[in-house]
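A.B. asks: Show me the folded form of this:
(one chain, ligands or ions: 1)
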Amino acid sequence: MRWILLFTGYWVLLTGCANVPTTGRTTDTPAAIAPTSIPTERAVPTDGAELAPIEPEPTDEPTPTLEPTIEAAVLLPYLDANLPIEERVEDLLARMTLEEKIGQMTLIEKDSISPELVTEFGIGAILSGGGGSPEGNNTPEGWLEMVSSYQAAALETRLGIPLLYGVDAVHGHSNVMGAVIFPHNVGLGATRNAGLVEEIGRITALETLATGIHWNYSPVLAVPQDIRWGRAYEGYSENTELVTLLGNALLVGMQGENLSDPTTLLGTPKHWVADGAAEWGTSTTGDYIIDRGDVTKIDEAELRRAHIAPYIAAIENGAMSVMISYSSWQGTKMHAEAYLINEVLKDELGFDGFIVSDWQAIDEIEGDYYSDVVTAINAGIDMNMVPTDYRGFISNLREAVLNGDVSSERIDDAVRQILKVKFMLGLFEEPMHDGALLSQIGTPEHREVARQAVRESLVLLKNENGALPLSSIEENRIFIAGQHADDMGLQSGGWTIEWQGFSGELVGGTSILEGIAAKTDAEIVHDRFGNFEQVEGNADIGIVVIGERPYAEGQGDRADLTINTTLIERMRERADTVIVILVTGRPLIITEALPLADAWVVAWLPGSEGAGVADVLFGEHDFMGRLAYSWPRSIRQLPFNFDNLQAEGCDAPLFPFGYGLSYGDDGAVDVIDCP
Ligand code: GLC
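C.D. replies: Below you'll find the predicted structure:
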């Protein structure tokens, strides 16, 4: 608890003895004082005046020797946790200058500002973007130290308003070496297990809070309609109901029952709205094709049915922060869409938290930066993820207010929402983390939950000739091909350690190969190129682990999703039974390749616990995963017309939404000839 002594702008030292004169000038003495703590902070003048030195009034009386006994403290209303949050917000707001208010609306990327400048500019929020680890020290301790340095700086500001630190812990605290990396949402969608996803939310909250971070840019509530989109894997499904179910399970898991719970992590449903409905070829950002594109082919009724629905549930589940989408609605950038933000999200749906922009997204609004700032803030955005040129944002918004282009009421409204959430999170009472939760990061229990998620996400597409389950008999000889078999970066996908993901080792966890090797004493030979020149003879079982290299956002927009079959063809020459495991963020075009292998398994992007794959391959657990996305026969089928999707014939998907075999099923797959 922080006490601030204040009395009309001066530091007032009150003793417990009524007959001893005070040492400072006093006017209207504040109400009753609760002398329960020794003040530890500098006083805070209400009018921004510098603290005047406190000199005793001149007197011919001998200066009494002050024997300070119990010091009492006057607690400013906004710091009084016993007062209703609304009162605390209004008290604090009334004390703030315009610059301090704008500082609260400014979200800066951590490498773009020092802690000292956070204090100087009164910045209200800092983020680590994808890969935003502490320089050269990507450890949980290093993260806590970095976050704490920014928080301490914020507490040094005139009013001591704590910072909100945000991160994309989108499949576990996935920037942090040592954290558990869960399967990406495309795999969780295949589990359909809301209880499991809620538990993943709880674990993500613990491991993220352990590093002092209270704010997570998750869950993604996108309902991806075209899997050529580089963010399809961040979506749970093409199906709105499944997105609503699992996205809200994660939100509830992260936020718990009450935002003031010390293990609560503030979620951020994103990206408002219909980011997953953008149309191929409509992006105007760099060489992106569909990411940040335009939504023109659906009407408002469909927009509400298919894409707004998950947010209605999120608001009911206590969402207090929402991020706006880069995409456009009928040609208007979402960051400029006052109707859908102010009138629909805030007024009609009653969202009562704060709205945050996406990374430098307001800059993509037509017009110069000044007009971007005016348009975005008036459209309802409360906090701007600048993320670098904070001086530019602050000066432009200040000018806009002085010009009357942004009203002071709009500024107060934005700051009110931000402060409210900070009070709800208990940040004013407990802004700092002492590291007590660090031991929660990467625990065996957390890894076991992730391994269960891997198991339940696996989808069996084909299983002929008794290929699966694998036998663990020692006599078997197993060849394994593909770099994806033994690379934890590749098996984790984008938004892992680096924004675009990486190739290499994680701290903790298991690769798919390690999981297989742990199940059998059979001879295993791994050749990422599938040549196996170093061994004579053939294998009983050949496992080919192939798929996509990591990507994020528009860098994953892809016109051609056909797999390369080279490794499968090589394995066909060297093994009696061939099994293909796909490590991928989305369905791929495998129609022509299907006959080349006896069994096909989709592992999606399993994350750190690759051993979960072997748990099912060897039959200890059955296949439970069911497709959360329709699997196209040909790229020419995309985007699917879900309102009129054929169940049979060449216009039907190769595998429909909900498809997935289990061990008892007939695993034969007959592929019809299509043009
Ligand atoms: C990115 C993403 C958004 C993410 C933000 C911060 O551009 O669009 O999902 O939360 O920036 O990393």
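
A.B. asks: got the residues of the chain near the ligand?
C.D. replies: 129-130, 168, 217, 270, 358-359 (C-beta under 6 Å from any ligand atom). The way it works is simple: take the backbone N, C-alpha and C, and place the C-beta from them, glycine included.

A.B. asks: Which among those residues count as buried?
C.D. replies: Using 16 or more other C-beta atoms under 10 Å as the burial test, the residues of the chain next to the ligand include 129-130, 168, 217, 270, 358-359 as buried.

A.B. asks: Let's verify the closest residue to Gly426 other than its chain neighbours: helix, strand, or coil?
C.D. replies: Among residues not flanking Gly426 along the chain, Ser260 sits closest, at 4.3 Å (C-beta to C-beta, 6 or more residues apart in numbering). The three-state label given to Ser260 by DSSP: H, G, I helix; E, B strand; the rest coil is coil.

A.B. asks: What count of nearby residues applies to Ser260?
C.D. replies: As a burial measure, Ser260 scores 16 neighbours (other C-beta atoms under 10 Å).

A.B. asks: thinking again about what came up before, which one among the buried ones among the residues of the chain next to the ligand gets closest to Ala575?
C.D. replies: Gly130 (38.6 Å; C-beta to C-beta).

A.B. asks: The stretch 551-675 of the chain: strands as residue ranges?
C.D. replies: 575-583, 599-604 (DSSP state E, counting those that start in this stretch).

A.B. asks: Can you add mean neighbour count and give these back as a markdown table?
C.D. replies: Below are the strands of the stretch 551-675 of the chain laid out as a markdown table (neighbours: other C-beta atoms under 10 Å):
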| stretch | mean neighbour count |
| --- | --- |
| strand 575-583 | 24 |
| strand 599-604 | 27 |
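
A.B. asks: Kindly reformat those strands as a markdown table containing mean pLDDT.
C.D. replies: As requested, the strands of the stretch 551-675 of the chain are exported to a markdown table (pLDDT from 0 to 100):
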| stretch | mean pLDDT |
| --- | --- |
| strand 575-583 | 98 |
| strand 599-604 | 98 |
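
A.B. asks: where does this protein dip in pLDDT?
C.D. replies: By pLDDT under 70, the low-scoring segments of the chain are 1-73.

A.B. asks: what's the domain layout of it?
C.D. replies: 1-75, 450-644 (automatic domain parsing).

A.B. asks: Just say which of those is most tucked in.
C.D. replies: domain 450-644 (a mean of 21; mean count of other C-beta atoms under 10 Å).

A.B. asks: Can you give me the first-to-last residue distance of that domain?
C.D. replies: Domain 450-644 has an end-to-end distance of 36 Å (criterion: C-alpha to C-alpha, to the nearest Å).

A.B. asks: ditto for stretch 518-527
C.D. replies: End-to-end distance for stretch 518-527: 18 Å, by C-alpha to C-alpha.

A.B. asks: next one: stretch 282-291
C.D. replies: By C-alpha to C-alpha, the extent of stretch 282-291 from end to end equals 8 Å.

A.B. asks: and if you look at stretch 319-338?
C.D. replies: With C-alpha to C-alpha, one end of stretch 319-338 sits 20 Å from the other.

A.B. asks: correct me, but the residue nearest to Gly426 touches Lys422?
C.D. replies: No. Counting by C-beta atoms under 8 Å, Ser260 does not reach Lys422; the two are 11.0 Å apart.

A.B. asks: Can you tell me which of the buried ones among the residues of the chain next to the ligand comes closest to Ala400?
C.D. replies: Asp358 (20.4 Å).
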